[in-house]
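**Q** I'll drop the sequence and a predicted model, then ask my questions.
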Amino acid sequence: MRLLLLSDKTEAAQLLTILHQERIYYDLLSRATYMAHPPFSTRIYNGALIEEKLITQCSIDDLNTFELLKKVLPCQIIMADPDPAHKVTLATFFETCQRFPARSIRLQTRSNLCLPAVVTSEADSDKLHKVNTYNISQNGCFLTNPLNKKIGDKIWINLDRLEDSSPLLSEIRWFSQDSTADLPPGMGVRFLEASSSQRKQLDSLIHKR
């Protein structure tokens with residue numbers, strides 16, 4: 001398990017000790033903007049710990065980045081020097097992260113545009129499953145009404161409103177069994193094959209929001 005830790009190293013000694021004791025890998029960043037740069041932008045994480053003091057002192061851009069991060073990973077606001085009661089909260093958070101499928105940080109432009117779509121298990125299958133899409137980008141989206149599939153399985157998606165109606169070969173990257181304030185239960189998928197016209201139209205739809 002690897003966590004993203006956003007904190008000032010000089011004030012996080014006790015927290016770092018806890019992570020070492022729990023044998024949890026982590027990357028320590030003092031600014032949220034650093035997440036957009038390699039190697040952090042390409043690594044996968046199970047969750048993020050954000051120091052409370054860092055939030056109170058950060059810029060508007062950093063606050064927006066935190067909001068994006070909370071849509072991607074389980075996040076926990078923490079104190080750099082946690083008291084014993086807070087350690088219980090941390091233990092519960094670690095258990096949540098352990099069950100959460102690790103994923104990379106997505107900071108590319110996404111849209112809350114909701115489009116009807118049809119999903120099949122094969123490109124020419126007649127077994128159609130109606131779904132809705134959320135968080136659409138040129139590279140993937142979130143689907144409601146997930147199929148009986150597992151992470152890594154391939155599916156084909158026909159997105160409504162695309163002029164090029166060719167099915168988009170996609171890969172299931174993660175599942176969410178619970179509803180959140182932003183999303184119902186569903187699954188995140190990555191587009192493996194999309195034509196240049198499809199990506200161009202997706203980009204146009206996203207930026208019209």
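**A** Ah, there it is.
**Q** low-confidence ranges in this protein?
**A** Low-confidence segments of the chain (pLDDT under 70): 61, 80-88, 106-113, 123-126, 145-147, 177-183, 206-209.
**Q** let me see the domain layout of it.
**A** Domains of the chain are assigned by automatic domain parsing as 2-104, 115-207.
**Q** got JSON lines for those domains, with mean neighbour count too?
**A** The C-beta positions use only the backbone N, C-alpha and C, and glycine is treated the same way. Output for the domains of the chain, formatted as JSON lines (neighbours: other C-beta atoms under 10 Å):
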{"stretch": "domain 2-104", "mean neighbour count": "15"}
{"stretch": "domain 115-207", "mean neighbour count": "16"}
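**Q** any idea how far the residue nearest the centre of the chain lies from residue 175?
**A** With distances taken as C-alpha atoms, centre = their mean, residue 72 lies nearest the centre of the chain, 2.4 Å away. Distance of residue 72 to residue 175, given as C-beta to C-beta, to the nearest Å: 14 Å.
**Q** can you tell me which residues contact residue 99?
**A** Counting by C-beta atoms under 8 Å, 6 or more residues apart in numbering, residue 99 touches no other residue.
**Q** okay, it and residue 143: tell me how far apart.
**A** From residue 99 across to residue 143, the span is 21 Å (C-beta to C-beta).
**Q** please apply the same query to residue 21.
**A** 39 Å.
**Q** residues contacting the nearest residue to residue 167 once chain neighbours are set aside?
**A** Here the nearest residue to residue 167 in space, its sequence neighbours aside, is residue 156; by C-beta to C-beta, 6 or more residues apart in numbering that works out to 3.7 Å. With contact set as C-beta under 8 Å, 6+ apart, residue 156 has these partners: 119-123, 125, 167-170.
**Q** export these to CSV and tack on distance to residue 60 and secondary structure?
**A** CSV is the format used below for the contacts of residue 156 (distance: C-beta to C-beta, whole Å; DSSP: H, G, I helix; E, B strand; the rest coil):
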residue, distance to residue 60, secondary structure
119, 38, strand
120, 43, strand
121, 44, coil
122, 47, coil
123, 45, coil
125, 47, coil
167, 41, coil
168, 35, strand
169, 39, strand
170, 34, strand
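**Q** from the residues you listed, which single one is nearest residue 1?
**A** Set against residue 1, the nearest of these by C-beta to C-beta is residue 170 (26.4 Å).
**Q** so the closest one makes contact with residue 191?
**A** Yes: taking C-beta atoms under 8 Å as the definition, residue 170 is a contact partner of residue 191 at 5.3 Å.
**Q** the closest residue to residue 1 other than its chain neighbours and residue 24: what is the separation?
**A** Spatial nearest neighbour of residue 1, chain neighbours left out: residue 46 (4.8 Å); criterion: C-beta to C-beta, 6+ apart. To residue 24, residue 46 is 9 Å away according to C-beta to C-beta.
**Q** quickly list what's touching both of those two.
**A** With C-beta under 8 Å, 6+ apart, residue 46 and residue 24 have common neighbours 1-3.
**Q** looking at those, which is nearest residue 163?
**A** Nearest to residue 163 out of the shared contacts of residue 46 and residue 24 is residue 2 (C-beta to C-beta; 40.8 Å).
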